[in-house]
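*Asks:* could you look at this predicted model? Sequence included:
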Amino acid sequence: MAMHEEDNYMSDMILIVDDDEINRGILDNIFSPYYSIDEACDGEEGLKKILGDKDKYCAVLLDVMMPKMNGIEVLRRLADAELTDKIPVFLITAEVNSENMHDAYRLGVMDVILKPVTPYIVLRRINSVVELFRARKRLGNRVEQQNIKLLENAKKIIELNQGMIEALSTAIEFRNGESGEHVRRIHDITKFLLESTELGEGMTPDEINNIALASIMHDVGKIAIPDNILGKPGRLTKEEFEVMKTHTTQGALLLEKIPQLRENNAVYRYAYDIARHHHERFDGRGYPDGLKGDEISLWAQIVSLADVYDALSCKRCYKDAYPRDKVLQMIRDGECGTFSPKLLECFFKAEPTLSELYKNPE
C-alpha cells in the first residue's frame, strides 16, 4: 500500500522498537517498501525518540521483553503523555500472557501481533490502522479548517454589523451638526471607565465591548427630530425641548424595530436601555421615565455622564467648548444633572486620562 505524496496529514515513518537485531531486520524488510523506517534497540531509546518528536511516526511496532524498559512500560509512558490516541502502537511479541494483554489494551495498544509474524497479515493489519488514523486526522483537520472559516465569517458579520451601527450613528451626528468623533469618544469613554475602574468589576470583556458598542447608538432617536429643532443655534423653547426629549423614546422604538439587532445581537439589550435612559438622572429628575438611583442601569448612567462630559468639552451649534476646569466644576456642582456618587468618584479618577481625547477637539 503505497503512501501518496499529497497525504501530508501524518508522517510515513514507522518506529520499530526491539532488542533483537534479526527481528528488527524482518520487520524492516516487510515495511520498508511502503514506509520510512526508524529503529530503537530498547524501550528507553524508543520512548526517547517518540517523545522527542511526537509527529515523527505514523506507527510504533513495540516488543514486550526488552532491557532497560519493557514494552508495557513504554506503552504506559505513552498513555500518560496522551499519545496512544494519536500514534497507533502495536505490540509484536512472542511473550504473551493474560496480564500483559490486559495491561496493553487498557493502556491503548491498537493490536497485539504474535511472533513469528506472517508478512502479509501483519502488513495488512498495520496498514489498515495507519490509514484509519490518517483518515481521522484528515477529517479532524478539515473540521478545524471549517471551524476557522466559520469563525472568520462570524467575525466579518460582526464587523459588518458594527460598521453599519457606526455609520448610522455617525450620520445622525453629522445631521446634528457634529462630527462622527462624538460617538467614537462616547464609545472610548464608556469602555475606559468599565475596563479601568471598579465600575466594570464582574463584567467579561465581551460584555464591556458590547456596552461600548451600544453606547454609540445613544442618540439614534435624533433621526426623528425636525432639523429646525435639532440644529437650532439658540436655546430651545419649552415646546421645542419637549420634542427634543422624544429622541430617547424614538431611539428605543427604532432599535426595537430592527429584527436583526433585536434577535441576534448581544448589543441590543444595552443599546435599547441606553437609548431610552441616557437622560435619566440620579435624583429622578431626568426623562423619559423619571427613573432614579439604581433604577437606572449602570451602562445608561455611564453613557449619560460621558455624553455630558463630551458636550461640555466640545463646541456645539448652540455653544462654544468650555475649558477643562469649568467642565469639571460644572459636573461636580450638578449643573448638568445629578449622577451617582460612585460613578463621579470613578470618573474624576479616570478624567486625567480621558482629557487626552480633547487635545484637538472639533
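*Replies:* On my side now, so go ahead. What you see is a predicted model, and the numbers here were worked out from it, not measured in a lab.
*Asks:* quick one: end-to-end distance for stretch 254-270.
*Replies:* This stretch, stretch 254-270, spans 14 Å end to end (C-alpha to C-alpha, to the nearest Å).
*Asks:* what's next to that stretch, contact-wise?
*Replies:* Here stretch 254-270 makes contact (C-beta atoms under 8 Å, 6 or more residues apart in numbering) with 161, 165, 206, 210-211, 213-215, 217, 220-221, 223-224, 271-272, 275, 299. (Each C-beta comes from the backbone N, C-alpha and C, glycine too.)
*Asks:* can we see that at 6 Å?
*Replies:* Outside stretch 254-270, the residues within contact range by C-beta atoms under 6 Å, 6 or more residues apart in numbering are 210, 211, 213, 214, 220, 271, 272, 275, 299.
*Asks:* now name the helix or strand holding residue 182.
*Replies:* helix 181-196 (DSSP states H and E).
*Asks:* swap that for residue 137, sorry
*Replies:* For residue 137, the enclosing helix or strand under DSSP H and E is helix 119-175.
*Asks:* mind listing what's buried along stretch 312-325?
*Replies:* For stretch 312-325, burial by neighbour count (16 or more other C-beta atoms under 10 Å) applies to 312, 313, 314, 316, 321, 322.
*Asks:* which of these lies at the shortest distance from residue 75?
*Replies:* residue 313 (70.2 Å; C-beta to C-beta).
*Asks:* who's in contact with that closest one?
*Replies:* By C-beta under 6 Å, 6+ apart, residue 313 lies in contact with 327, 358.
*Asks:* for stretch 17-27, what is the average pLDDT?
*Replies:* Averaged across stretch 17-27, pLDDT comes to 91.
*Asks:* no no, stretch 88-101
*Replies:* On average, stretch 88-101 scores 80.
*Asks:* how long is it end to end?
*Replies:* First residue to last in stretch 88-101 (C-alpha to C-alpha) measures 16 Å.
*Asks:* buried sites along that stretch?
*Replies:* In stretch 88-101, counting by 16+ other C-beta under 10 Å, buried: 88, 89, 90, 91, 92, 93, 100.
*Asks:* same question for stretch 326-343.
*Replies:* 327, 328, 331, 336, 337, 339, 340, 343.
*Asks:* got the contact list for stretch 72-87?
*Replies:* For stretch 72-87, using C-beta under 6 Å, 6+ apart, the contacting residues are 43, 46, 47, 57, 60, 103, 107, 108.
*Asks:* hmm, the second one is touching residue 17, no?
*Replies:* Yes: counting by C-beta atoms under 6 Å, residue 46 sits close enough to residue 17 to count as a contact (3.4 Å).
*Asks:* hey, where'd the strands end up in the chain?
*Replies:* With strands called from DSSP state E, the chain shows them at 13-17, 36-40, 59-62, 89-93, 111-114.
*Asks:* pull up the pairing partners for the last one, direction included.
*Replies:* Its sheet considered, strand 111-114 pairs with strand 89-93 (parallel) by DSSP bridges.
*Asks:* only C-alpha atoms, please: export the strand it pairs with in CSV.
*Replies:* Below are the C-alpha coordinates for strand 89-93, written out as CSV (Å, rounded to 0.1, in the frame of the first residue of the first chain):
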residue,chain,number,x,y,z
VAL,A,89,1.1,1.3,18.9
PHE,A,90,1.3,-2.4,18.1
LEU,A,91,2.9,-5.0,20.4
ILE,A,92,4.8,-7.6,18.4
THR,A,93,6.0,-10.2,20.7
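*Asks:* what comes into contact with it?
*Replies:* 60, 61, 62, 63, 64, 71, 104, 109, 110, 111, 112, 113.
*Asks:* so how many other residues sit close to residue 55?
*Replies:* Residues near residue 55, counting by other C-beta atoms under 10 Å, number 9.
*Asks:* quickly note the distance from it to residue 30.
*Replies:* 24 Å (C-beta to C-beta, to the nearest Å).
*Asks:* any idea how far residue 224 is from residue 305?
*Replies:* Distance, residue 224 to residue 305, by C-beta to C-beta: 24 Å.
*Asks:* neighbour count: those two, which is higher?
*Replies:* More crowded of residue 224 and residue 305, by other C-beta under 10 Å: residue 305, with 24 against 15.
*Asks:* hang on, the more buried one packs against residue 337?
*Replies:* No: applying C-beta under 6 Å as the test, residue 305 and residue 337 come out as separate, 8.8 Å apart.
*Asks:* tell me which residues touch the residue lying closest to residue 67 once chain neighbours are set aside, please.
*Replies:* Excluding the flanking residues, the one nearest residue 67 by C-beta to C-beta, 6 or more residues apart in numbering is residue 42, at 5.3 Å. Residue 42 makes contacts with 19, 66, 67, 68, as judged by C-beta under 6 Å, 6+ apart.
*Asks:* residues in contact with the spatially most central residue of the chain?
*Replies:* By C-alpha atoms, centre = their mean, the chain has its centre lying nearest to residue 206, at 8.4 Å. Neighbour list for residue 206: empty [criterion: C-beta under 6 Å, 6+ apart].
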